[in-house]
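**Student:** Predicted structure and sequence below. I'll ask about it afterward.
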Amino acid sequence: MSLSDDLSTESTPDTLLVIDAREGQGQRLDQFLTRHLQERLDGISRTRIQRWIALGAVRVDQQVRLPSLRLKGVESIEVEPQPLESDTAFAPDPVPLAIVHQDADITVIDKPAGLVTHPAPGNWRNTLMNGLLHADPKAARLPRAGIVHRLDRDTSGLLVCARSERAFASLTAQLASRQMGRRYLAIACGQTLAQGTVEGNIGRDERNRLRMAVVAGSAGKPARTHYWQLAASPDGEAAAVLCKLDTGRTHQIRVHMAHIGHPLVGDTLYGGKPLAGFTRQALHAWQLQLVHPASGERVSFEAPVPEDLQQLASELGLALPAHPPEQRQTSVIGS
């Protein structure tokens with residue numbers, strides 16, 4: 001799993017520049033890109049390059065890195081040029097943040113539905129990232145103010161953010177090596193199997209560029225989602241499921257559940273019905289487990305099920321457990 005998927009935006013870049021770092025051996029990432037792109041991007045400044053790196057629009061071997069990274073000359077660098085409006089993205093905004101835990105290295109936040117995680121075209125201000133910058137101006141030293149993964153605007157629940165370079169490196173490595181445990185509560189349309197694993201490469205839907213899709217063959221990127229049914233509605237209209245990610249592709253749970261015929265309630269982009277008047281995807285990042293960057297201990301955090309999801313479950317006759325239950329091995333459903 002690459003960090004770029006966890007931090008990808010819901011829009012599609014018009015231009016993606018792929019740069020071979022052979023000529024940059026021993027140079028800082030920001031210095032090399034400034035020199036390399038001077039003519040190609042009309043005299044672009046080092047300050048703008050640093051802003052793009054901070055926004056996560058620059059990836060080295062598919063990972064977001066710091067501007068000070070010393071290149072070895074063997075890397076592949078991807079750059080998504082950002083519009084001039086992106087220059088305002090690092091402004092602090094007084095966005096309320098529900099902090100579940102904070103120490104010198106990490107901040108764990110319970111993100112409400114409706115809040116955009118980080119600036120992107122159409123949402124350059126008043127995002128969770130802008131709120132982090134308002135609460136702690138020192139966060140500007142890290143890419144995306146320390147955000148290492150994202151949740152869709154209308155998905156609620158837990159996010160972890162780094163507060164130090166040590167923590168940023170540790171958390172991104174945990175994501176890449178699949179050490180970070182992320183479990184979600186979803187309410188899906190119809191009656192799911194008792195448990196299962198969905199495997200199928202995910203890529204951009206060629207028929208609708210706003211959507212992702214399970215794609216055939218070697219196209220897209222490998223993705224795996226495990227799920228367990230927690231409760232079923234008496235009329236068969238919906239089921240509450242616990243989902244666990246092995247990878248972190250854009251819209252992964254939404255795409256995989258729709259692929260097996262059970263789109264999430266309210267997720268009209270992927271064919272989900274707005275049952276009981278519920279108009280956002282019924283998805284909540286319920287539990288987050290990670291190795292603490294300083295202590296090395298494995299720690300776990302939970303975010304209570306938000307009121308709107310509790311109300312939806314009640315109206316559908318779904319009895320939700322108070323906490324995410326433990327799970328057993330699942331059977332595989334292929335693409």
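**Tutor:** In hand now; what should we look at? Numbering: from 1, shown residues only.
**Student:** In terms of helix, strand or coil, where does the residue nearest the centre of the chain fall?
**Tutor:** Centroid check for the chain by Cα atoms, centre = their mean gives Arg150 as the closest residue, at 2.8 Å. Put simply, Arg150 is coil when judged by DSSP: H, G, I helix; E, B strand; the rest coil.
**Student:** and it, how far is that from Val299?
**Tutor:** Noted for Arg150: a distance of 21 Å to Val299, by Cβ to Cβ, to the nearest Å. C-betas here are computed from N, CA, C, even on glycine.
**Student:** Please enumerate the helices of the stretch 101-250 of the chain.
**Tutor:** Using DSSP state H, counting those that start in this stretch, the helices of the stretch 101-250 of the chain run over residues 128-135, 165-176.
**Student:** Please identify the deepest-packed of these.
**Tutor:** Among these, helix 128-135 has the highest mean neighbour count (mean count of other Cβ atoms under 10 Å), at a mean of 23.
**Student:** helices or strands next to that one in the packing?
**Tutor:** Applying 3 or more Cβ pairs under 8 Å, 6 or more residues apart in numbering; DSSP states H and E, we find helix 128-135 packed against strand 106-111.
**Student:** so what strands line up beside the strand it packs on?
**Tutor:** In the sheet, strand 106-111 lines up against strand 99-102 (antiparallel), strand 156-162 (antiparallel) (DSSP bridges).
**Student:** Dump the ones you listed to a markdown table, plus mean neighbour count, distance to Asp42 and mean pLDDT.
**Tutor:** What follows is those, written out as a markdown table (neighbours: other Cβ atoms under 10 Å; distance: least, Cβ to Cβ, whole Å; pLDDT from 0 to 100):
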| stretch | mean neighbour count | distance to Asp42 | mean pLDDT |
| --- | --- | --- | --- |
| strand 99-102 | 14 | 42 | 97 |
| strand 156-162 | 25 | 33 | 98 |
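**Student:** and Ala303, what is it in contact with?
**Tutor:** With contact taken as Cβ atoms under 8 Å, 6 or more residues apart in numbering, Ala303 is in contact with 100, 110, 156-158, 284-287.
**Student:** Make TSV out of the residues you listed and add distance to Thr268.
**Tutor:** TSV is the format used below for the contacts of Ala303 (distance: Cβ to Cβ, whole Å):
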residue	distance to Thr268
Val100	30
Asp110	25
Ser156	18
Gly157	20
Leu158	25
His284	18
Ala285	21
Trp286	23
Gln287	27
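**Student:** Now do Leu66: how many residues are near it, please.
**Tutor:** Using other Cβ atoms under 10 Å, Leu66 has 18 other residues around it.
**Student:** and if you look at Thr279?
**Tutor:** Look at Thr279: counted by other Cβ under 10 Å, it has 11 neighbours.
**Student:** Which residues are in contact with it?
**Tutor:** Taking Cβ under 8 Å, 6+ apart, we find Thr279 in contact with 266, 268.
**Student:** can you tell me which residues contact the closest residue to the residue nearest to the centre of the chain other than its chain neighbours?
**Tutor:** Nearest residue to Arg150, sequence neighbours excluded (Cβ to Cβ, 6 or more residues apart in numbering): Thr117, at 4.1 Å. Taking Cβ under 8 Å, 6+ apart, we find Thr117 in contact with 111, 127-129, 147, 150-151, 153, 159.
**Student:** what's the closest of those to Ala240?
**Tutor:** Within these, the smallest distance to Ala240 is 18.8 Å, found for Leu151 (Cβ to Cβ).
**Student:** just checking, Pro92 touches Met129?
**Tutor:** No - between Pro92 and Met129 there is no contact under Cβ atoms under 8 Å: 9.7 Å.
**Student:** What residues are bridge-paired with the closest residue to Pro304 other than its chain neighbours?
**Tutor:** In space, and not counting its chain neighbours, Pro304 is closest to Asp110: 7.9 Å by Cβ to Cβ, 6+ apart. Asp110 has these beta-bridge partners by DSSP bridges: Leu158.
**Student:** Pretty sure Asp110 sits against Leu128.
**Tutor:** No - using Cβ under 8 Å, Asp110 makes no contact with Leu128, being 10.8 Å away.
**Student:** Compute the first-to-last residue distance for stretch 221-238.
**Tutor:** Using Cα to Cα, to the nearest Å, one end of stretch 221-238 lies 29 Å from the other.
**Student:** May I see the buried residues of that stretch?
**Tutor:** Neighbour counts over stretch 221-238 (16 or more other Cβ atoms under 10 Å) mark 221, 223-233, 237-238 as buried.
**Student:** of those, the lowest pLDDT goes to which?
**Tutor:** Ranked by pLDDT, these bottom out at Lys221, which has 91.
**Student:** wait, isn't that residue in contact with Gly200?
**Tutor:** No - with contact defined as Cβ under 8 Å, Lys221 does not reach Gly200; the gap is 10.4 Å.
**Student:** Check Ile187 and give its pLDDT.
**Tutor:** pLDDT, Ile187: 98.
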